[in-house]
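S.K.: predicted model follows, preceded by the sequence.
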Amino acid sequence: MRIIMVFFTAIFGVVISSAPLIAQQKTEKVCQEEWRANKAANQAKGITEQAYVTKCRMGSSMAPAPAASAPSKATTTGAAPATAGAYQYKTEAQAKARCRSGTVVWSNLESKIYHFAGNKDYGHTQNGAYMCEADATKEGMRAAENEKRP
């Protein structure tokens, strides 16, 4: 009986100590999006997508900097944004990596109005970018009227 108790205690310890590592592991899709967002820089450094994704999934600190560290000024339509503000991202995943627990919004760069997820304009205005709500507010943007925070 004592051996069984020691065995289960050891198993429990291993599971508890590895839980933070499992929780931090990124999905393959997120890692691929990060690599593609910085494709030119990664290729210039000789980093293949497969190698990046492997290191990214392992949570390796040797993985190249994720896309969130280098804000993108591109929009979903490929046109230049109306402003050259920082922390504007082409994909929602990039913005989520920066915001962490904050709210990601879709900012219309021309009207300076942002939309929350679930709104019909979220990710669909012609000249916009994904941003953290806090960053959008710092750049003088405001939430759309009659729109509720998720």
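M.R.: Arrived safely.
S.K.: and for residue 48, the neighbour number?
M.R.: 11 (other Cβ atoms under 10 Å). Heads up, the C-betas are built off the backbone N, CA and C, glycines and all.
S.K.: next, it: phi, psi?
M.R.: Taking degrees, to the nearest 10, you get phi -80, psi 160 for the backbone angles of residue 48.
S.K.: check it and give its pLDDT.
M.R.: The score at residue 48 is 82. That number is its pLDDT.
S.K.: from what I can see residue 135 touches residue 103, true?
M.R.: No. Residue 135 sits out of contact with residue 103 when judged by Cβ atoms under 8 Å, with a separation of 10.6 Å.
S.K.: comparing those two, which residue is more hemmed in?
M.R.: Here residue 135 and residue 103 are set side by side on neighbour count (other Cβ under 10 Å), and the busier one is residue 135, at 22 against 18.
S.K.: which is the next helix or strand following the strand or helix carrying the more buried one?
M.R.: Assessed by DSSP states H and E, residue 135 sits inside helix 133-138. Along the chain past helix 133-138, the next helix or strand (assigned with DSSP H and E) turns out to be strand 142-143.
S.K.: packing partners of that next one?
M.R.: strand 113-116 (3 or more Cβ pairs under 8 Å, 6 or more residues apart in numbering; DSSP states H and E).
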